[in-house]
Structure formats: C-alpha cells, structure tokens
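Peer 1: Below is the sequence, then the predicted model.
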Number of protein chains: 2
Amino acid sequence: MPVSNRLPSAQTAHRKLLFDAFLRGFAPNASLDETGSALHKLAQPICVGRGCTIPIDPAKDAFVYIGCGATKLIASASSGREQIVAFHFADDLMSVPAGACHSYGLCALVETEVLTFAADAFLETIAAEPLLINALLGRSLTALHRCRDKAVGLGRKNAQERLASFLVGMADRISSIETERCVLDLPMSRRDIGDSLGLTIETISRQFSELRLAGLIETTGRSRVTLCDPAALAERAGHV
Amino acid sequence: MPVSNRLPSAQTAHRKLLFDAFLRGFAPNASLDETGSALHKLAQPICVGRGCTIPIDPAKDAFVYIGCGATKLIASASSGREQIVAFHFADDLMSVPAGACHSYGLCALVETEVLTFAADAFLETIAAEPLLINALLGRSLTALHRCRDKAVGLGRKNAQERLASFLVGMADRISSIETERCVLDLPMSRRDIGDSLGLTIETISRQFSELRLAGLIETTGRSRVTLCDPAALAERAGHV
DNA sequence: CACATTCATTGATCTGAATCAAGGACTGGC
DNA sequence: GCCAGTCCTTGATTCAGATCAATGAATGTG
C-alpha cells in the first residue's frame, strides 16, 4: 500500500496554487487579508496516490478541501465491516468527524491533492467572516441532504434501485449532463460501490448486468458507464 | 387524522415565550435587536397534536425549531415506502430539505410546538450575525454526523446491532445518563423505530424480545425501556 | 369500567441478497 | 506485447429478515 506524502516545502509555488484554488472555490467574493493568511498557516497540504489514506488525526474533527482528485470517506463498524459514507471530488470541502460511534478515514480513489484543517482552529479563524461561514454552512447542508438521501436508499431500496440511484447521482456530479445519453468515468471500484450502497461486490456486478440487459446502461472497460436513458434510470431508482 | 393548527393570534404571549426559547437555545450570548425582530417576523409558530404533519411548503427548504415535543422527519421513496431520516426533540433546530430525489415530511410524535422558517429568508437574515451562523453550522454538523452514523447502521449492521445502536443513541439524547441503569420513555412506536432502522415492525419486536432475554433491557408497557447495562448494549451495537 | 381499536408479540414460510466457489477480463509493470 | 495480479462476472447454495397469519396486551373513549 503506497504511503501518503506531504508536499515537500520546496514546492511552495504549487502549494500556493492549491490554496488559491481553495479560497476561490470557497468564497470567491471575499477579500480576506488577515483571515486569508491565518487560514494559509492552518492549511496542511497533502498529496496522496491512489488507494492511500489521507492522514488525519482521528481524535479531532477536521475539514478537508479537495484540490483535485477524488476520495471516499469510510466509516468502520466493528469486525472490519466498512461503509462508505460519501464520495468527494475536486473543489469539494468536507467535514471529517472524529470517531465517536465509529471511526472515520479518508482515502484517495485516484492521485489526489488536498488541504486539511483542524476543525476547531478553522472555525475559530472564520468565525468573524460571515461569507466564509455561510459558504461552509451551505456545503454542510448539501452534505446533510445527500446523506439523508443515502439513508433512504440504504433503508428502503432494493439492490437495483440503489445502483440506479447511485449512477444517476454520480451523473449529476461528475458528468456533463446530457438529457439523452450520459457518459460516466467512475473512479471507484465495484467494491467501493458496494461499500457505499450496503451491498456486496457480487450483487453490484449482477445489478450492472441486469441494467445492461435492460438496455439502460452500457459499460466499457471497468470504469466507463454510459447511461442510455437517464430518465428511465431515475425511475428505476425510485425517485419521486 | 388530526389536523395541525396555527396558534391563534390571541396567544401572543405564548408565541413570545416560544420565540424567546428559540433565541435563548439558539444563540444565548447574542444581543440581537434588528435581527431578532426580523427573525420574529419570519417565524411561523405552529402547534400540532400527536400524529400530525407539520405543514411545510415542500417546494422550499425550511428550518424548524422545536420548542417542545418530538418529531420524526420522514422521507418517502416511491411506492409508499417510508424512511425516517431523523428524530428531533425539544430545543432542536433542524433543516427540512425541499424534495429533490425524495419528498420529506415532518410529523409530530407527541403534542408539539414549533417555529418554522423559510430557509432562504432565514439565511439572509442571519447572514451578518456570525454567532447565529456559527450556531446553525454547529447544528448542521451534528445532524450530518448523526446521519452518517445512521448510514453505517443501515448499510452494515444486522437487526440486533441496529436496535441496540438506536437505544444507546436515544439514551444519550433523551435520558438522564446513568452508568449502571438507564430509563427511557420512547415517544415513537415500534413502527417508527422500524422505519428509522430500515426494518419491519416484526423484526423490531423480535429483537426487543432477544435483548430482553439476554438481560440487556427491560420493557414496561409500550414505551418504557430500561437499559440494564448500557456498556454491554453499546458493545452489541457494534460501536468501536 | 367495559369495550373497541390500535399496537405489539410470536410463529410459519418465503425471498432477496450474502456467501461460497470458480472462471474470465482488465490493467499495469516489465 | 506478455505476464502477473487484481478486479469483475456468473453460478450454486445459504441465511437473515420480509411477509403472511393469528393471538394477545395497552390505551383511551364513551
């Protein structure tokens, strides 16, 4: 398993680019002088390869900004069972909770660059900047909304509805949306999809086959999925 | 099914009490003059009986403050399947999303008094009050954290672990915490518990019986549950 | 206080997804 | 371009929880 690397301090220019992207993506209209440099001091830039865990103190809450790449947020129940709680992509800002009931870990799906922040210091720093808190609040509410929809799927949907729901949701996030057809390059494995949907890898594979047979999707290689009829797929997903 | 009632305008005093409780619970240290009265104008006080749905425009996001009582936030997948996404109790402030994938409804478990706010106007009003945004952010992050833990349960736990997890979680929220024994008065029915844990009413009942047989809980009537050994129960819940 | 109704419990059976097992297809490294 | 290793697919069987069915306990209403 490859290990994670902090960016060497020589790459100051690169670090600056990453931090600027964060500020731009996070609060484009704010003019932050002191706050900006305070955040810059807090930001821990980290670059990890595919399959690596992003080092985060499990005892403290953290915020993580994804500059580029993709990650999975994993929660571990006892006896090694893992549940993927969320996927995140470039320009996402997420909160990683310290483990109370379960322990959380953040893992890169592809080569990924992130900034990590200790949550307490981060919140303290932005406390006086309504634009920033509002932005963070918006992200949190979006995450909450997504998590609730996920709970509906995990609690009340069958395997096929879960996979259809997952594909439609991913299409919204990482594909150019076309009404007719829609091409997705999934950065996660079948196992990841299973761990996200509360299913096994075999069930995921079988449902891919069924959706393919039904003419709703086409697959190319391991990662490319074409949604032939997104509307019909959304219907199978049990969306209202 | 009983219908909900706005508080008659005659009960101005009562309304004021409710609103004051909201401000006190929400941002005890803030001195809000204009913002306070602006919020007061936005607040829609509603009082509903057991089993009633709290009227919320399904087309727009809302925030709801619970003055007293208890509620369930229900999401409906297609074909009438319902998933309870969260329970809320006195002094909670929650966000109710407009339905995108699924439609949400808020329903009272007991006689309940709430204040509802249109989300857009609410956010606009508090935008310049860091204390308030921070409070709202904190509540959102707590809700997100709870929802993630719920996702772990729904995705990766068996029936007994889910019920044990539920009981331990409820004990934290609505009971005086005693290390040895802990008495809970659950305001929700077996069906509600099932709809929250992604299980049927029969499975819930069987698991109650098993936990009772194992000496971990005692039940009195329909609603009272005594946790005889919270630590052992937490272990059965698969908590780390 | 008795009745009606809803709610909870228990049992028997069924089913969708898990598990066990084996073969086949990508992908990346040399 | 070949090979090794990983990832994916498909089939057979098992099992946890759903469903179907019936009885028994709470609640609250007249």
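Peer 2: In hand now; what should we look at?
Peer 1: quick one: residue A:238 from residue A:24, how far?
Peer 2: Between residue A:238 and residue A:24 the distance, using Cβ to Cβ, to the nearest Å, works out to 38 Å. Using the backbone N, CA and C atoms, a C-beta is placed for each residue, glycine as well.
Peer 1: Helix B:130-156 and the helix or strand encompassing residue A:153, what's the angle between them?
Peer 2: Taking DSSP states H and E as the criterion, the element that holds residue A:153 is helix A:130-156. Orientation note: helix A:130-156 sits at an angle of 20 degrees relative to helix B:130-156 (axes from the mean of the first three to the mean of the last three Cα atoms, to 10 degrees).
Peer 1: Identify each buried residue in helix A:130-156, please.
Peer 2: By neighbour count, and taking 16 or more other Cβ atoms under 10 Å in any protein chain shown as the criterion, the buried residues in helix A:130-156 are A:130-137, A:139-141, A:143-156.
Peer 1: next one: stretch A:73-80
Peer 2: Applying a neighbour-count criterion of 16+ other Cβ under 10 Å, one finds A:73-78 buried in stretch A:73-80.
Peer 1: ok, and of the buried residues of helix A:130-156, which contact DNA strand C?
Peer 2: Near DNA strand C, taking Cβ under 7 Å from any atom of the strand as the test, no member of these is found.
Peer 1: remind me which residues of chain A are low pLDDT?
Peer 2: Low-confidence segments of chain A, defined by pLDDT under 70, are located at A:1-11, A:30, A:176-179.
Peer 1: Next one: residue A:128 from residue B:150, what distance?
Peer 2: Separation of residue A:128 from residue B:150 (Cβ to Cβ) stands at 33 Å.
Peer 1: Next one: the helix holding residue A:153, is it in contact with DNA strand D?
Peer 2: No: Helix A:130-156 lies apart from DNA strand D when judged by Cβ under 7 Å from any atom of the strand; the minimum separation is 8.9 Å.
Peer 1: Tell me how far the most centrally placed residue in chain A lies from residue A:63.
Peer 2: What sits nearest the mean C-alpha location of chain A, by Cα atoms, centre = their mean, is residue A:88, with 1.3 Å. Using Cβ to Cβ, one obtains 12 Å as the distance from residue A:88 to residue A:63.
Peer 1: Give me the nearest residue to residue A:196, chain neighbours excluded.
Peer 2: If the residues on either side of it in the chain are set aside, residue A:196 comes closest to residue A:84, at 3.9 Å by Cβ to Cβ, 6 or more residues apart in numbering or on different chains.
Peer 1: for the residue nearest to the centre of chain A, what are its contacts?
Peer 2: Contacts for residue A:88 (Cβ atoms under 8 Å, 6 or more residues apart in numbering or on different chains) come out as A:64, A:66, A:70-73, A:94.
Peer 1: overlap between those residues and the residues near chain B?
Peer 2: The overlap between those and the neighbours of chain B (Cβ under 8 Å from any Cβ of the partner chain) is empty.
Peer 1: list residues touching both of residue A:88 and residue A:63?
Peer 2: In terms of Cβ under 8 Å, 6+ apart, residue A:88 and residue A:63 are both contacted by the residues residue A:94.
Peer 1: what about residue A:17, helix or strand, and which?
Peer 2: Residue A:17 belongs to helix A:12-26 when assigned by DSSP H and E.
Peer 1: and the angle from that helix to helix A:130-156?
Peer 2: Using the same axes, to 10 degrees, the interaxial angle of helix A:12-26 with respect to helix A:130-156 works out to 80 degrees.
Peer 1: ok, residue A:41 - how many residues close by?
Peer 2: When counting by other Cβ atoms under 10 Å in any protein chain shown, one arrives at 10 neighbours for residue A:41.
Peer 1: Now do the domain split for chain A, please.
Peer 2: Under the assignment automatic domain parsing, the domains of chain A span A:5-154, A:157-236.
Peer 1: Output those in CSV; the columns should cover distance to residue B:32.
Peer 2: Putting the domains of chain A into CSV (distance: least, Cβ to Cβ, whole Å) gives the following:
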stretch, distance to residue B:32
domain A:5-154, 14
domain A:157-236, 38
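Peer 1: wait, which of those domains is closest to residue B:107?
Peer 2: domain A:5-154 (15.4 Å; Cβ to Cβ).
Peer 1: before we move on, the earlier item: got a list of what the residue nearest to residue A:196 touches?
Peer 2: For residue A:84, the contact set (Cβ under 8 Å, 6+ apart) comprises A:72-75, A:192, A:195-196.
Peer 1: Which of those residues fall in helices?
Peer 2: A:192, A:195-196 (DSSP state H).
Peer 1: measure the nearest residue to residue A:54 once chain neighbours are set aside to residue A:87 for me?
Peer 2: Here the nearest residue to residue A:54 in space, its sequence neighbours aside, is residue A:106; by Cβ to Cβ, 6+ apart that works out to 4.5 Å. Distance of residue A:106 to residue A:87, given as Cβ to Cβ: 11 Å.
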